[in-house]
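Q: Provided below for reference: sequence and predicted model.
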Amino acid sequence: MTDIRLGIVGVGKIARDQHIPSIAKTGGISIVASASRHASVEGVPHFRSLAEMLESGVELDAVSLCTPPQVRHGDALLALQAGKHVLLEKPPGATVSEIAPLLEAAEAAGVTLFATWHSRFAPAVAPAKAWAADATIESVHVEWKEDVRHWHPGQDWIWEAGGLGVFDPGINALSIVTAVLPRRMFLERSTLFFPANRAQPIAADLSFRDSAGVPVTAEFDWRQTGPQTWDVTIVADKGRLTLSRGGSVLSIDGKVVSEEPDAEYAGIYEHFVKLIGSGRSDVDLSPLAHVADAFLLGRREIVEPFE
């Protein structure tokens, strides 16, 4: 069986740090072309745009879209209509509603559409889901705090409409919680903290309940310096479960029971290969829907400018 021939679109920090090395480690798929305005992938043909790539005659089976979410819909639709399988970096789009036409296009073309949530592939997430499945959950708390200057240096798109601000990392936490909890949750309250000079929030406090009334709270902040915090804590009749380091470490009642190295992006490409092989798509919009709700219900507070 020959490798899936992949074109990667958007050769920015996330593509260089995660996608390209993870693809190199994944069997059944290889990069054969790249498209980006400012960077390229060594050893393969490079183009200025996806349209140019598709028109070039380079043989492609699939496209990985690593561009900012504000421009992803147009490229995804173009690739799907050209009969290419499509992988979407998270979040899958700038809005919830723009994804339905992509699913329709994928179905019409008989190709795979995969909206990735890389944090769901952190090694401790599946064991946490299994633990929670038969637990009587009493409360859930998320603390997701990091330094935007470290993770998004000079990236102005994250502060613009559709860039999500602090929800760019916060949506990773929501993707974990929605995967682990056995019941759906809905937002009750949200407070969003906007720098005086930015169009997107730098911090957020959220309060949810699940369908059984269990409280789920979340604190997101992009101003943390020093050690970064990516924790989900579940209190239940079985004990206290903590997912830390973004889902790499699982502790029960303070004792580490699972700790493995990061392999999230390798996981999404392994899943992409399997989806293509079985002729399926995988598109879950629940994390993005929760972010949209946070903006709809959000009480807005202005904080000091962020430079």
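A: Thanks, I have the structure now.
Q: Would you mind finding the longest strand in the chain?
A: Counting residues, the longest strand in the chain under DSSP state E turns out to be strand 185-195.
Q: Who does it pair with, and is each partner parallel or antiparallel?
A: strand 203-210 (antiparallel), strand 298-303 (parallel) (DSSP bridges).
Q: buried ones in that strand?
A: By neighbour count on 16 or more other CB atoms under 10 Å, the buried set for strand 185-195 is Met185, Leu187, Ser190, Thr191, Leu192, Phe193, Phe194, Pro195. For the C-beta atoms, the positions are set from N, CA and C on the backbone; glycine is no exception.
Q: Just name the most buried of the strands paired with strand 185-195.
A: strand 203-210 (a mean of 20; mean count of other CB atoms under 10 Å).
Q: Let me see the residues that make contact with the helix or strand following that one.
A: Next helix or strand after strand 203-210 toward the C-terminus (DSSP states H and E): strand 215-221. Residues outside strand 215-221 that contact it (CB atoms under 8 Å, 6 or more residues apart in numbering): 139-146, 166-167, 169-170, 173-174, 177, 181, 185, 202-210.
Q: swap the cut-off to 7 Å and go again
A: Outside strand 215-221, the residues that touch it by CB atoms under 7 Å, 6 or more residues apart in numbering are 139-145, 166-167, 170, 173, 177, 185, 203-210.
Q: residue ranges for the helices of the stretch 51-200 of the chain, please.
A: Assigned by DSSP state H, counting those that start in this stretch, the stretch 51-200 of the chain shows helices spanning 72-81, 99-109, 125-133, 148-151, 167-180.
Q: and the longest one, how far from the chain's centre?
A: In other words, helix 167-180. Centre-to-centre, helix 167-180 and its host chain are 8 Å apart (CA atoms, centre = their mean, to the nearest Å).
Q: Pick the one among the buried residues of strand 185-195 closest to Pro101.
A: Nearest to Pro101, judged by CB to CB, of the buried residues of strand 185-195 is Leu187 at 25.4 Å.
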